[in-house]
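Q: Starting from these lines, generate the structure:
(one chain, ligands or ions: 3)
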Amino acid sequence: HSVGIIGAPFSKGQPKDGVECAPNKLRAAGLLERLQQQGCAVKDYGNLTFENVALDEPVKGSKSVRTVGSANQRLSEAVKAVKRDGHTAVMLGGDHSLAIGSIHGHTAAVGPVSVVWVDAHADIHTPLSSNTGNIHGQPMSYLLYELQSKVPPLPNFSWMKPCLSSRDLVYIGLRDVDPEEHYIMKLLTVKAFSMTQVDQLGVARVMEETCDYLSKKPIHLSYDIDAIDPSVTPATGTPAVGGLTYREGIYITEYLCQTGLLSAVDMVEVNPLRGRTEDDVHSTVSTAVDLLLGCFGRRREG
Ligand SMILES: N[C@](CCCC[B-](O)(O)O)(CCN1CCCCC1)C(=O)O
Ligand SMILES: [Mn+2]
Ligand SMILES: [Mn+2]
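A: Numbering: from 1, shown residues only. Ligands and ions are numbered 1, 2, ... in the order given. Modelled structure (predicted):
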């Protein structure tokens, strides 16, 4: 595996400080060395710097729109460059609003992709349906062709166009979905394996059905650490009980790795400041590292 790492220390898709510290925390935990030890070629593209747009007043309820738009434009260019260099792109967030730039840039480089979105949340609010105005709860609406009419033109977002079909999206791990999001998902018949299906089918069957459902396009895995149960990964901004076990989380990455289709990975919403103890932070960061190692060939058997 050839891996290109992009640090995206960005927090303005949500209100809690700390998530911008995660890229350096993940590196300090030995992510790159561990990838190299398991045989990956690793290129670190460093951390992006983002423009802090002054007086970034809410637009149609969405907060920090200009700052989020500018950040994602830069991220899109960076991911496109990493893909053009021939690597699997790894984007270390930062909050989940960064998926806008990550998936946009991936598509710009390789054409249409499949998205596997592992998350407690659907992140599919439109700017007008969101109750919080936090754009980390909205990235999917900016990306989907089918929701284009529901997203008004926003400042610093004119650089992008929708680039994903709802038919090429699968959710895994959902358990905290707002009514407006559920309505949109039903309307678009989005394929979703909530925690109920994980319980009913088991994670192995969920992964078989996910890959049977998706075409053979390059896969973009967008992994929100809050998909994992907060008992394992508490240092995150919007924890929700009843999540994936460590083993289920790892199995998802091992399964996608062996498809040979994995083309880009996001690891987002790790927030070291949201851990109550050092152990909380360590457990969250080391789980995120292990999930990424699973994406790139680490096998628990040795
Ligand atoms: N859906 C929420 C949470 C978004 C989480 C973003 B992610 O997945 O990147 O972490 C709001 C959640 N909901 C609001 C009403 C009270 C219960 C929580 C939102 O803010 O839109
Ligand atoms: Mn998310
Ligand atoms: Mn989430």
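
Q: for ligand 3, what are the nearby residues on the chain?
A: Counting by Cβ under 5 Å from the ion, the chain comes close to ligand 3 at 119-121, 224, 226. For the C-beta atoms, the positions are set from N, CA and C on the backbone; glycine is no exception.

Q: Neighbours of the closest residue to Phe296 other than its chain neighbours, how many?
A: Spatial nearest neighbour of Phe296, chain neighbours left out: His1 (4.5 Å); criterion: Cβ to Cβ, 6 or more residues apart in numbering. Counted with other Cβ atoms under 10 Å, residues neighbouring His1 total 15.

Q: How about the contacts made by His1?
A: The neighbours of His1, taking Cβ atoms under 8 Å, 6 or more residues apart in numbering as the test, are 35, 39-41, 88, 296-297.

Q: Below-threshold pLDDT in the stretch 51-200 of the chain: ranges please.
A: Within the stretch 51-200 of the chain, not a single segment meets pLDDT under 70.

Q: Can you pull the phi/psi pair for Val110?
A: phi -120, psi 0 (degrees, to the nearest 10).

Q: quick one: it from Met160, how far?
A: 16 Å (Cβ to Cβ, to the nearest Å).

Q: Also Gly242?
A: 34 Å.

Q: out of those two, which sits in the more crowded spot?
A: Met160 (19 against 14).

Q: which residues does that one contact?
A: Contacts of Met160 by Cβ under 8 Å, 6+ apart are 72-73, 76, 100, 104, 142.

Q: next one: Val177
A: Each residue near Val177 by Cβ under 8 Å, 6+ apart is listed here: 121-122, 185, 194.

Q: If we check ligand 1, which of those are in contact?
A: When contact is defined as Cβ under 6 Å from any ligand atom, the contacts of Val177 meet ligand 1 at His121.

Q: between the contacts of Val177, which is closest to Ser286?
A: Taking Cβ to Cβ as the measure, Ser286 lies nearest His121 of the contacts of Val177, at 22.8 Å.

Q: Quickly find the element holding that closest one.
A: Assessed by DSSP states H and E, His121 sits outside every helix and strand.

Q: still on that earlier bit, of the contacts of His1, select the buried ones using a PyMOL command.
A: Paste this into PyMOL to select the buried members of the contacts of His1, with burial taken from 16 or more other Cβ atoms under 10 Å:
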select buried, resi 35+40+88+296
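
Q: farthest pair in the contacts of His1?
A: Farthest pair in those, by Cβ to Cβ: Gly39 and Thr88, 13.4 Å.

Q: Taking this structure, what residue is nearest to ligand 1?
A: Gly137 (2.3 Å; Cβ to the nearest ligand atom).

Q: what's the burial count for that residue?
A: Neighbours of Gly137 under the rule other Cβ under 10 Å: 26.

Q: Contact partners for it?
A: 14, 96, 121, 123, 125, 130, 178.

Q: how about 10 Å then?
A: 13-14, 62, 95-97, 121-125, 129-131, 178, 181, 238 (Cβ atoms under 10 Å, 6 or more residues apart in numbering).

Q: Kindly report the residues of the stretch 51-200 of the chain close to ligand 2.
A: 96, 119, 123.

Q: Filtering those by proximity to ligand 1, which remain?
A: The subset of those within reach of ligand 1, counting by Cβ under 6 Å from any ligand atom, consists of 96, 119, 123.

Q: Return the closest of those residues with respect to ligand 3.
A: Distance to ligand 3 across these (Cβ to the ion) is lowest for Asp119, with 4.4 Å.

Q: Next, count neighbours for the closest residue to that closest one other than its chain neighbours.
A: Residue nearest to Asp119 in three dimensions, not counting chain neighbours: Asp224, with 3.9 Å by Cβ to Cβ, 6+ apart. Counted with other Cβ under 10 Å, residues neighbouring Asp224 total 27.

Q: same question, Pro162
A: Neighbours of Pro162 under the rule other Cβ under 10 Å: 16.

Q: isn't it right up against Pro112?
A: No. Using Cβ atoms under 10 Å, Pro162 is not in contact with Pro112, being 11.6 Å away.
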